Structure formats: structure tokens, C-alpha cells
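> give me the fold of what follows.
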Amino acid sequence: MIRATLSIFSLAATAAFSQQPGGGKAALQERLAQVKQSVAQNQARLRQFGWTETTEVSLKGEVKKREQNDCMYGPDGKIQKNLIGEPAPPPSRRGIKGRIVEKKVDELKDYMDRVGSLVKRYLPPDPQQMQAAFQAGKALLNPVSGELMFRDYVKPGDTFTFIFDTATKKVRSIAVGTYLDAPKDTVTVDARFNSLPDGTNYLETTVLDATAKQIQIKKTNFGYRRIGG
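I've put the predicted structure just below:
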């Protein structure tokens, strides 16, 4: 059942998005151009800001870790993070049981490192990669909702969907439906955006669910302050 979920979602979404009237390709191309321009402009503007990121990691519905980082973009364009406060000391583990627990912790860390690498292939969105997907025939526009969706974007059967506000020319949310090694290793991301007083769009909350391991990671960004420019 779990294995089929992503495929069923992909097929249903494709059916909804593919019902485009005449001129649909032109509308799709226009929406893609709007999304790409918005993404590129905001990524450039965000480099003028620093902010605080709160991360909560939950396992089977229970919060296991919570931390805050001071964030800003470095000269290489990558986000630099500095931990706020001291990290909690790891619990003391002894004997065979302790070694078993440590092994499971290491396995989960490796798993989540791989999930993190996968998600980076979607977020932040890459305008050039979106253009390549469009040229490969992987982009669709829902004529009713106006949502822009890419299918088979990184992996066969995945979906990458944008809700775009045409009035403000801003991305309001992004949904990712993908998987790690097999469709049963479902990974979903729900990303919601907000705007600063100067109009800069920023990623406010991100909720990542790795259902195979019952892990959820929620990130919240706030406290934006201008640091240059």
C-alpha cells in the first residue's frame, strides 16, 4: 500500500494538470518564466539578510532534538550556520545495549544525511534545472488552480509543485513528493513562504516527512535582519 501511494498520487496529479485547453503551452511557459524570475530575484535579495532557524526533529511523533542556528549566506552562495547555545550532551550508553543503540543512531544519521542530500536537489529551486525540465516535457500547469508541477523531476514518479501568487508575483508554497531508494521510502516536503516588509520572499516553514523511518523535521525561519547591501 505504501509502495503504491506515490505512484497513485503522481498519476492523479498528472491527470488533473494535463487537462489544458488550447494555448496551454503558452500559459505554461509564461507561468514558468514568472516562477523562475521570482525565485532568482529572491535568492539574490536574501543574501543581504541574516536570520534565525529553529529545527525540530521528531521520531514516531515525539520531539527528539531541537536547536537554533544563526544563518546567513557566505561568499560562495551557500548558507552558513552557527549554533545558538551549547548542544545537549549525548546520553551515556554502556554495554551491549548501549552499542546497539549507538548503531541505530548512526544508521538513522546516515539515512537522514541521504534524505538531506536528496531534498537539496529540489530546494532551493534551481531556475536552470526547471527550464531543463520544461524543455524535456516534464512541466504541467493546472488550468483551474494555476499550480505549476514538474513530474519525474529528479526521480521517476516524483512530483515538484509550486503554488504561485500571480498578483504579487511570489511563490507561496512548494510541495515535493519523492523517495529515497524505492517508492516505499517516501519523502515529502511541505514548504511555505512569507514576505518581509520590503517585499522579499522567504521560506518561513519547511516540514519534511520520511515516512519509512517515521521521522519528521520541521524548520522555521524568522528574525530576518539586513546585514549588508
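
> strands along the chain, start to end?
49-59, 62-73, 79-84, 139-141, 148-151, 159-165, 170-179, 186-195, 201-210, 215-226 (DSSP state E).

> and the ones you listed as TSV, adding mean pLDDT and mean neighbour count?
The way it works is simple: take the backbone N, C-alpha and C, and place the C-beta from them, glycine included. As requested, the strands of the chain are exported to TSV (pLDDT from 0 to 100; neighbours: other CB atoms under 10 Å):
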stretch	mean pLDDT	mean neighbour count
strand 49-59	95	17
strand 62-73	93	14
strand 79-84	94	12
strand 139-141	95	22
strand 148-151	96	23
strand 159-165	96	20
strand 170-179	96	20
strand 186-195	96	18
strand 201-210	96	19
strand 215-226	96	16
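
> in CSV: these, plus distance to residue 117.
As requested, the strands of the chain are exported to CSV (distance: least, CB to CB, whole Å):
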stretch, distance to residue 117
strand 49-59, 17
strand 62-73, 19
strand 79-84, 15
strand 139-141, 24
strand 148-151, 19
strand 159-165, 16
strand 170-179, 12
strand 186-195, 11
strand 201-210, 13
strand 215-226, 14
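
> looking at the ones you listed, spot the one closest to residue 121.
Among the strands of the chain, the nearest to residue 121 by CB to CB is strand 170-179 (8.6 Å).

> that closest one: how far from the chain's middle?
Centroid separation for strand 170-179 versus its chain: 6 Å, with CA atoms, centre = their mean, to the nearest Å.

> cool, stretch 184-192 as well?
With CA atoms, centre = their mean, you get 8 Å for stretch 184-192.

> list the contacts of it.
2-3, 5-6, 115, 118-119, 122-123, 172-180, 203-212 (CB atoms under 8 Å, 6 or more residues apart in numbering).

> go on, stretch 123-141?
Residues contacting stretch 123-141 (CB under 8 Å, 6+ apart): 14, 17-18, 20, 24, 27-29, 31-32, 35-36, 39-40, 43, 147-153, 162, 171, 174, 176, 189, 191, 203, 206.

> what's the first-to-last distance across it?
One end of stretch 123-141 to the other measures 20 Å (CA to CA, to the nearest Å).

> quick one: it to chain centroid distance?
With CA atoms, centre = their mean, you get 15 Å for stretch 123-141.

> same question for stretch 76-85.
Centroid separation for stretch 76-85 versus its chain: 18 Å, with CA atoms, centre = their mean.

> now for that stretch, what's the gap between its first and last residues?
With CA to CA, one end of stretch 76-85 sits 26 Å from the other.

> the closest residue to residue 154 other than its chain neighbours and residue 160: what is the separation?
Spatial nearest neighbour of residue 154, chain neighbours left out: residue 121 (4.9 Å); criterion: CB to CB, 6 or more residues apart in numbering. Distance of residue 121 to residue 160, computed by CB to CB, to the nearest Å: 10 Å.
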